[in-house]
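>>> Okay, here's the prediction I keep looking at, along with the sequence it came from:
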Amino acid sequence: MPGTAELVAIFREIADLLDLQGVRFKPEAYRRAARSLEAVTEDLGQISARGELRSIPGVGDAIAEKIAEYLRTGTVPYLDRVRGEVPPGLLEIMRLPGFGPKTARRLWVELGVEGPRELETALAAHRLDGLAGFGPKKIALLAAALARAGGTPMRRPLAAAWEIAESLLAALRAGAPVDRVEVAGSLRRRRETVGDLDILATSTAPERVFEVFSALPQIRTVRMRGPTKETVELADGLQVDLRVVEPAAFGAALQYFTGSKDHNVHLRSLARERGLKVNEYGVFRGEERVAGATEAEVYAALGLTEIPPEIREDRGEIEAAAAGRLPPLIDGPDIRGLLHVHLDRLGGAAGLADAARAARRLGWDYLGIVVAEESGGASVPSLPTGGPKVFVGVETTRVPSGRPPGGDYWVLRPAEGIVAPTATGAAGATGPLLIAHLPASVDAGFEPGQLRPWLALATDRPIAFEVTAGAGEDGLDSTVARQAVQAGAALAVGPGDVAATEWERFRLAVGLARRAGAGPSNVLNARPVTDLARSWAGRRRTG
DNA sequence: GCCGTTTTCGGCCCGACTGTTTTCAGTCG
């Protein structure tokens, strides 16, 4: 299927093939462009039509021309050219964990190995023995990696990774001589999927910390351990890096290991311009450490206001921080209630009372209880006074018009495969508020242009796009959500369809909204209860 | 191949860890 996702894959393959040829710098340039394209919220065709492809970070003349070519013809001939220069099987060898382009290329040049199958044969025939740089351990690692090949490590949904991380942090705090322990990496940036976990700790006895960590029941194997860093694999294959630093370097290390790569590279080049050096131990002027204990200190030393982890992606946030113009982002305490709580999930009236208590505990003023369209909304029990206000949402699978029967607002969950509003009820439809739960993930092949008809719908009626942190049933991902925010549309933030005991997960969804650049004014359920009641003209239930 | 309040050419982040080494190359994040 042509589109941004395919173009990203093409650039990544070009990068790998150039790597195999030993070409320097170009592979990173293509990867940078690929990462950048993944974050583009607008249709590439439109950007190209305006002649603005080069405004995408990492896209210069040569890559812009290849994008334009792809948009015209659906192919990038340069890919076929570089494919012709190395055997395709080498890609599989270089992607074996622990091995890379240099090894794959040497096996090809020195032994004629063109792919995994030939490598297997060569290993069996002991043809690698005696090859310079290939000792018995490396050969054994290669054989083991080859035997396990194919199982590409899966990225976990954010919520799943978060639960694993929480259990590891709790175990470390309880059993290891640590002062501070925090999660870093893409989980801290609240990326919607997480490839591995990064945990950072301060301690005066790192060795003991690693001992305790290695002995945790969740951990299957220790892959490597040095004086400052340990890498382990969990039973389900997830890789976890634990690093221990001294307190004076904690902020610098947290900043460094939170990333992203592009953000850090940009920061370090900024530091060079100012005669400074940044590494995971601090910001240095010559030998002198001028910052390091806190992240705020690190950013301040570089002349920047502190940048929230969720937007550290080098998409303009560093320039904004330098100018003191970082936009305010939505925060957990801004959330005033939930709007998408399924009555079924609560388990009836008793469950509703429990949910009301949970909502109070979280400081919320209202709950939007959602019922199926067929049920007519009449079955939602009222709450005793003093509890959160209860609104009733009616869930439907098609774009509705008119007032929801027996409810205050609509919740739209399109039937599977629907990616644009159907004609019925869409054009010119006005009506009470609509919360749209669209399964719109760039990873799953959603193209930026596909949001356009939905945004058009938002010009006719109040609509909010849902952002959740459930397990595989999420609404907009942060890239699509960013597009909605940039278009001035509202988001609705929630924990997904989970029990009230797991509502804390709404904080992860807040993280996704932050990644999208949403401030409090962009989030429907950050509005006070009175505003909300006004935003739909239906009857409302009072507690 | 990209990029620029030290540059339109000459740079391109930087440290940890492993395996094979006797001072380093490759890989990773």
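Great, that's in hand. Residues are numbered from 1 along each chain as shown, chains lettered A, B, ... in the order given.

>>> Any regions of chain A where pLDDT drops low?
Filtered on pLDDT under 70, chain A yields the residue ranges A:1-2, A:150-153, A:376-379, A:384, A:416-419, A:422-432, A:470-473, A:535-543.

>>> Using the record's domain definitions, break it down for me.
Following automatic domain parsing, one finds the domains of chain A at A:4-83, A:88-148, A:156-244, A:249-322, A:332-535.

>>> is it possible to export those domains to JSON lines including mean neighbour count?
C-beta here means a position set from N, CA and C on the backbone, and glycine is covered the same way. Formatted as JSON lines, the domains of chain A follow (neighbours: other CB atoms under 10 Å):
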{"stretch": "domain A:4-83", "mean neighbour count": "17"}
{"stretch": "domain A:88-148", "mean neighbour count": "15"}
{"stretch": "domain A:156-244", "mean neighbour count": "18"}
{"stretch": "domain A:249-322", "mean neighbour count": "18"}
{"stretch": "domain A:332-535", "mean neighbour count": "19"}
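
>>> In a markdown table, list the ones you listed along with distance to DNA strand B.
Written out in a markdown table, the entries for those read as follows (distance: least, CB to the nearest atom of the strand, whole Å):
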| stretch | distance to DNA strand B |
| --- | --- |
| domain A:4-83 | 3 |
| domain A:88-148 | 2 |
| domain A:156-244 | 2 |
| domain A:249-322 | 4 |
| domain A:332-535 | 18 |
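
>>> ends of stretch A:35-52, how far apart?
The first and final residues of stretch A:35-52 sit 18 Å from each other (CA to CA, to the nearest Å).

>>> Can you name the residues in contact with it?
Outside of stretch A:35-52, the residues within contact range by CB atoms under 8 Å, 6 or more residues apart in numbering are A:4, A:7-8, A:11, A:53, A:55-59, A:67-68, A:71, A:262, A:313, A:315, A:442, A:447-449, A:452, A:479-480, A:482-483, A:486.

>>> And the helices in the stretch 151-300 of chain A?
Counting by DSSP state H, counting those that start in this stretch, the stretch 151-300 of chain A has these helices, from start to end: A:158-175, A:185-188, A:206-214, A:250-258, A:261-273, A:295-301.

>>> Tell me which other helices or strands the fourth one touches.
Other helices and strands packing on helix A:250-258, by 3 or more CB pairs under 8 Å, 6 or more residues apart in numbering; DSSP states H and E, are helix A:185-188, strand A:196-202, strand A:239-245, strand A:277-279, helix A:295-301.

>>> In its sheet, which strands sit next to the third one, and in what direction?
It refers to strand A:239-245. With DSSP bridges as the test, strand A:239-245 is paired with strand A:196-202 (parallel), strand A:229-234 (antiparallel).

>>> Just the contacts of stretch A:35-52: which are in helices?
Helix and strand membership here follows DSSP state H; of these, those in helices are A:4, A:7-8, A:11, A:67-68, A:71, A:262, A:452, A:479-480, A:482-483, A:486.

>>> Now the two most distant members of these.
The widest separation within the ones in helices among the contacts of stretch A:35-52, taken as CB to CB, falls between A:Asp262 and A:Arg452 and amounts to 27.3 Å.

>>> If we ignore the residues flanking it in sequence, what's nearest the most centrally placed residue in chain A?
The centroid of chain A falls nearest to A:Arg191 when counting by CA atoms, centre = their mean (1.6 Å). The shortest distance from A:Arg191 to any non-neighbouring residue, by CB to CB, 6 or more residues apart in numbering, is to A:Leu158 (6.8 Å).

>>> Please consider this matter closed, and thank you.
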